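# below are the sequence and a predicted model; questions follow.
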Amino acid sequence: MADKKQEFVTHITPRDKDFSQWYTDVVTQADLMDYTPVRGCMALKPYGNRIWELIREGLDKRFKETGHENVSMPMLIPESLLLKEAEHVEGFAPEVAWVTQGGTEPLQERLAVRPTSETIFCTMFAKWVESWRDLPLKYNQWCSVMRWEKTTRPFLRTAEFWWQEGHTVHATAEEAEEETLTMLHVYREFAEQQLAMPVYAGRKSDKEKFAGAQATYSIEAMMQDGKALQAGTSHNFGTNFSVPFGIQYLSKEGKLEYCHETSWGASTRLIGAIIMTHGDERGLKLPPAVAPYQAVILPIAAHKGGVMEKCQEVYDALKAAGIRVRLDDRDNVSPGFKFNEWELKGVPVRVEIGPRDIENGVATLMRRDTFEKMTVPLSELPEKLPALLDDISRSMYEIALRFREEHTKIVSNMDELAAQVNGGYAKAMWCGDRACEDKIKADTGATSRNMPFDQTPVGDKCVCCGRKADKVMYFAKAY
RNA sequence: CGAGGUGUAGCGCAGCUUGGUAGCGCGUCUGGUUCGGGACCAGAAGGUCACAGGUUCAAAUCCUGCCACCUCGACCA
């Protein structure tokens, strides 16, 4: 067979050969982040930071639509506050970083660098809530938190990470539960619609719930190696925090009542989820809603008369149509190089404009998700591109959904479960016993992910102990 | 955090066993010719050998520590 010129050259490790190495290669080569001198802490570079900004904008809009306001809290928490809720301390103590000195003087009480802000929010809520008229308080903050993790990986688990944490205070248990579920569904919709990422939404087991929560709900995504990634959590605290922190209100009837609280969070981990849900052999594949550039215009034979002018014209038109567009006018790299680079960076649509196109009054488009090429009249671009972006988003979701369905199986015994969690989710009946969860973890490496809201039984015996079981649970190895 | 592996120019690597002037390919910069899938020619620059100690007349090379990445465990968003 004659030598064929390779259609593309990649410098990233093949995805199917070594998924972890592929992930690291994509993260660094797509220029999302860089390592820093601080152990486990990353620097977000402009391209990665822009993705985070777009995630933030998308979520923040939904938070505001559901009646939340943003606040900003201190990053340091006095130790005495952290100690107030026993389960909470126990859960977070091993991974807290401490400030013990101010200037040259040792501090009387050491200060925790926030690993999460329940305790400081609760302290302030105790000051801010007096009457039923003050409720509900529905607050959120965008910030970074620090957890002294033993093993770190860019975006998936870093010592410092950026996130949002919502904290709300309600008069009744019902309102708190409603808020918890509302925010879980905000995350689910955002993941599905903006990130083209299907998720399993459900309730965590007692073992896996947040330290101090009464109930924790999560959305769980499936990565292309079949592992689970928790992409967002929503907690109902009941009165677990309001009692130790003394958050009470005087009811209409004049009775002093404890408040019911929630908290919910999503982090820069979502970027890791995007990479591992959609990425392919050529690198990143960004959902249009969070792509820093939704389309990139590549001039072909840019030195020839009229090409750059036409590209600029198209750029202006697309920009005016509200599309995030970039004109790559670098003259020191070839078009082929640019093709590969923007594919690596995951730009959803490539718009090629060369002398041949201009002659025909068209642009040559290529969509990143399917590599399908098409020719579109220049005048129709501003109108057609948004529809194309929608289609790309939908198609990416469908492919991810199909992958997830193909890698989710109902299992009824431990052998089946062990085999299934090697590259996917196992859906199984579970008796509810902690001992079975522990045994599944020990024997297969999988953890319980969550119990879907649809609890239609898929059997009647516990996958582990064989006793009568009435809980439907997803199990998977998790990041 | 436990076991194993890797770290040398922006990237990929050789050199290390047996200490003795820092190498190669790609990339970068300048100029010119190119431009529809990682262009070509000519010239040039670029490295306290991850970092910190130690041994030695002399350390990329030997010793200790530490950081980061990869694999497998433990732990966690």
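Sure thing, it's come through. Everything numeric here is computed off the predicted structure, so don't read it as measured data. Numbering: from 1, shown residues only, chains lettered A, B, ... in the order given.
# could you chop chain A up by domain?
Chain A is divided into the following domains under automatic domain parsing: A:19-278, A:295-384, A:408-476.
# for the first one, what does the pLDDT average out to?
Domain A:19-278 carries an average pLDDT of 94.
# contact partners for the residue nearest to the spatial centre of chain A?
For chain A, A:L270 is the residue whose C-alpha lies nearest the centre (CA atoms, centre = their mean; 2.0 Å). Under the criterion of CB atoms under 8 Å, 6 or more residues apart in numbering, the contact list for A:L270 reads A:55, A:191, A:195, A:231-232. In this view, the C-beta of every residue, glycine as well, is placed from N, C-alpha and C.
# quickly find the element holding it.
helix A:269-278 (DSSP states H and E).
# show me where the stretch 1-150 of chain A has its strands.
With DSSP state E, counting those that start in this stretch, the ranges of strands along the stretch 1-150 of chain A come out as A:33-35, A:42-44, A:69-70, A:76-78, A:97-102, A:105-113, A:137-146.
# and the contacts of the fifth one?
By CB under 8 Å, 6+ apart, the surrounding residues in contact with strand A:97-102 are A:76, A:79, A:106-107, A:110-113, A:146, A:148, A:159.
# averaged pLDDT, the longest helix belonging to chain A. What do you get?
The residue-count maximum for a helix in chain A (DSSP state H) belongs to helix A:381-406. Along helix A:381-406, the predicted local confidence has a mean pLDDT of 98.
# right, and the helix or strand after it?
With DSSP H and E, the next secondary element past helix A:381-406 is strand A:408-410.
# what sits up against the helix or strand that that following strand is followed by?
Tracing the chain past strand A:408-410, the next element assigned as helix or strand by DSSP H and E is helix A:414-420. Residues outside helix A:414-420 that contact it (CB under 8 Å, 6+ apart) are A:409, A:411, A:426, A:428, A:440, A:443-444, A:446, A:463-464, A:475.
# ok, and what's touching whatever helix or strand comes next after helix A:414-420?
Proceeding C-terminally, helix A:414-420 gives way to strand A:425-430 as the next helix or strand, assigned by DSSP H and E. Contacting residues not belonging to strand A:425-430 are listed as A:200, A:222, A:226, A:228, A:404, A:407-412, A:416-417, A:420, A:436-437, A:446, A:448-449, A:457-464, A:469-476 [CB under 8 Å, 6+ apart].
# what's the answer for stretch A:22-39, then?
Surrounding stretch A:22-39, the residues in contact under the criterion CB under 8 Å, 6+ apart are A:11-15, A:42-48, A:51, A:152-155, A:159-160, A:271-272, A:275-276, A:279, A:283-284, A:344-346.
# and for stretch A:302-310?
Residues outside stretch A:302-310 that contact it (CB under 8 Å, 6+ apart): A:299-301, A:311, A:329, A:331, A:353-355, A:358, A:378.
# ends of it, what's the gap?
Stretch A:302-310 has an end-to-end distance of 10 Å (criterion: CA to CA, to the nearest Å).
# enumerate the positions of it that are buried.
A:302, A:307-308, A:310 (16 or more other CB atoms under 10 Å).
# stretch A:200-209 too?
A:200-205, A:208-209.
# chain center to that stretch: distance?
Using CA atoms, centre = their mean, to the nearest Å, the mean C-alpha position of stretch A:200-209 is found 17 Å from that of the whole chain.
# can you check stretch A:204-223 too?
The mean C-alpha position of stretch A:204-223 is separated from the chain mean by 15 Å, CA atoms, centre = their mean.
# residue contacts, A:E437?
Taking CB under 8 Å, 6+ apart, we find A:E437 in contact with A:205, A:207, A:430, A:447-448.
# tell me the pLDDT of A:Y425.
pLDDT at A:Y425 comes out at 96.
# counting neighbours, what do you get for it?
With neighbours defined by other CB atoms under 10 Å, the count for A:Y425 comes to 25.
# that one bridge partners, please.
Residues found in beta-bridge contact with A:Y425 (criterion: DSSP bridges) are A:T408.
# list the residues that contact the closest residue to A:S144 other than its chain neighbours.
Setting aside the residues directly before and after it, A:S144 is nearest to A:W162 in space (CB to CB, 6 or more residues apart in numbering), at 4.7 Å. A:W162 sits next to A:44, A:52, A:142-144, A:267-268 when contact means CB under 8 Å, 6+ apart.
# now A:W162: which helix or strand?
With elements delineated by DSSP H and E, A:W162 resides in strand A:160-170, which encompasses its position.
# ok, that strand near RNA strand B or not?
Yes - part of strand A:160-170 sits close enough to RNA strand B to count as contact by CB under 7 Å from any atom of the strand, namely A:F161.
# what lines up beside that strand in the sheet?
Taking DSSP bridges as the criterion, strand A:160-170 sits next to strand A:137-146 (antiparallel), strand A:260-267 (antiparallel) in its sheet.
# next, format the ones you listed as TSV and append distance to A:K64.
Putting the strands paired with strand A:160-170 into TSV (distance: least, CB to CB, whole Å) gives the following:
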stretch	distance to A:K64
strand A:137-146	9
strand A:260-267	15
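# among those strands, which is nearest RNA strand B?
strand A:260-267 (4.8 Å; CB to the nearest atom of the strand).
# give me the contact list for the closest one.
So strand A:260-267 is contacted by A:59, A:116, A:118, A:121-122, A:125, A:161-173, A:175-176, A:179-180, A:183-184, A:187, A:210, A:231-242, A:247 (CB under 8 Å, 6+ apart).
# for chain A, which residue gets nearest to RNA strand B?
Closest point on chain A to RNA strand B, by CB to the nearest atom of the strand, is A:S20, at 2.0 Å.
# mind checking how far that residue is from A:D31?
Here the distance between A:S20 and A:D31 works out to 19 Å (CB to CB, to the nearest Å).
# the two: which has the busier surroundings?
The neighbour comparison of A:S20 against A:D31 (other CB under 10 Å) goes to A:D31, with 15 against 10.
# how near is that one to A:P78?
As for A:D31, its distance to A:P78 is 39 Å (criterion: CB to CB).
# and for A:D25?
In this structure, A:D25 and A:P78 are separated by 43 Å, where distance is defined by CB to CB.
# go on, A:E380?
Summarising the geometry, the distance separating A:E380 from A:P78, computed by CB to CB, is 62 Å.
# and these two? which has more neighbours close in?
For A:E380 against A:P78, the residue with the higher neighbour count under other CB under 10 Å is A:P78, and the figures read 17 against 11.
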